[in-house]
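Undergrad: Structure for this input, please:
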Amino acid sequence: MLAIRYIPNVRDKKKLTEELVTLLPEEQRISPELAFNAWWYNLRSTGGLRLTTLGFVTFVDYLDLAQYEFCIEDAHEFNLRTVIALDRQLKLPYYIVIKKGIPLSVIFFSSEEAMLVNLYGNLQKFLDNY
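TA: Residues are numbered from 1 along each chain as shown. From the prediction side, this is the model:
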């Protein structure tokens, strides 16, 4: 299992996408442009690092990247402001597990961020202090 290491300016989604495409198995390899459009929820270069479902499946199944899950206990506290805060503050990719419109958990691809959110025990407290 691979881990994404923190690199200064890792929030450069284009560069990160290009590097990760080279790690794909040859038969699964696609162009960086196609991967960028398919993997990221927000396609603006300055946008956050939220993954689409296809991006999440690619990270887990094909790239075998280490992931860390944080369960959302109170879905009522998880709202658009929370998503915007995640987009602005997280340094590495993440995925929001949603079932029937209810957010169940956040999957982090950063061990540091996952550890911190678990120490806080509350996603909103973590975001307020991160």
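
Undergrad: Report the central residue of the protein.
TA: Centroid check for the chain by CA atoms, centre = their mean gives residue 94 as the closest residue, at 1.5 Å.

Undergrad: That one touches residue 114, doesn't it?
TA: No - applying CB atoms under 8 Å as the test, residue 94 and residue 114 come out as separate, 9.3 Å apart. No exception for glycine: its C-beta is placed from N, CA and C like everyone else's.

Undergrad: shared neighbours, these two?
TA: residue 108 (CB atoms under 8 Å, 6 or more residues apart in numbering).

Undergrad: before we move on, what SS does the residue in the chain sticking out farthest from the centre have?
TA: In terms of distance from the mean C-alpha position of the chain, residue 27 ranks first, at 24.2 Å (CA atoms, centre = their mean). Of the three states, residue 27 takes helix under DSSP: H, G, I helix; E, B strand; the rest coil.

Undergrad: OK, contacts around residue 50?
TA: So residue 50 contacts 40-42, 83, 86-87, 93-96 (CB under 8 Å, 6+ apart).

Undergrad: Same check on residue 17?
TA: If you count contacts by CB under 8 Å, 6+ apart, then residue 17 has 32, 35-36, 39-40 around it.
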